[in-house]
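K.L.:
quick one, structure for this:
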Amino acid sequence: MYNVGTLTMEDCTVRNSTAWAPNGFGGGIYSSGALTLTRVTVSDNAGTGGGAILNRFSDGSGTATLVMTDSTVSGN
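P.N.:
Next comes the predicted model:
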């Protein structure tokens with residue numbers, strides 16, 4: 001999943017994904033903005049960097065935020 005902007009996820013699972021970006025980053029979620037996860041499970045994803053979640057502003061000029069509530073990251 002690729003986010004450029006604002007992404008809010010609730011009550012879901014991101015599982016068994018592989019990074020699609022050319023750099024191999026962000027196996028489950030690649031975010032370049034504001035990311036909020038509530039009751040989300042991110043598990044069993046693969047990537048060379050950020051196997052579960054890569055959360056950064058893509059050009060380094062801004063701030064990427066991540067808020068996780070009652071969520072699980074495991075087995076990535």
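K.L.:
where does this protein dip in pLDDT?
P.N.:
Residue ranges of the chain with pLDDT under 70: 20-22, 58-62.
K.L.:
would you map the strands across it?
P.N.:
Counting by DSSP state E, the chain has strands at residues 2-3, 6-15, 29-31, 34-43, 53-55, 65-69, 72-74.
K.L.:
format those as a markdown table; extra columns: distance to residue 23 and mean neighbour count.
P.N.:
For the C-beta atoms, the positions are set from N, CA and C on the backbone; glycine is no exception. Converted to a markdown table, those look like this (distance: least, CB to CB, whole Å; neighbours: other CB atoms under 10 Å):
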| stretch | distance to residue 23 | mean neighbour count |
| --- | --- | --- |
| strand 2-3 | 12 | 16 |
| strand 6-15 | 19 | 14 |
| strand 29-31 | 9 | 25 |
| strand 34-43 | 18 | 19 |
| strand 53-55 | 9 | 22 |
| strand 65-69 | 19 | 13 |
| strand 72-74 | 20 | 14 |
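K.L.:
isn't residue 8 right next to residue 39, touching?
P.N.:
No: here residue 8 lies out of contact with residue 39, judged by CB atoms under 8 Å, at a distance of 11.7 Å.
K.L.:
residue 51 contacts residue 27, correct?
P.N.:
Yes: at 4.4 Å, residue 51 counts as touching residue 27 under the criterion of CB under 8 Å.
K.L.:
which residue is the nearest non-sequential neighbour of residue 70?
P.N.:
Here the nearest residue to residue 70 in space, its sequence neighbours aside, is residue 39; by CB to CB, 6 or more residues apart in numbering that works out to 4.9 Å.
K.L.:
correct me, but the one you found touches residue 69?
P.N.:
Yes: between residue 39 and residue 69 there is a contact under CB under 8 Å: 7.4 Å.
K.L.:
please look at residue 14 and residue 7 and confirm they touch.
P.N.:
No: taking contacts as CB under 8 Å, residue 14 lies outside contact range of residue 7: 11.2 Å.
K.L.:
any common contacting residues for these two?
P.N.:
1, 29 (CB atoms under 8 Å, 6 or more residues apart in numbering).
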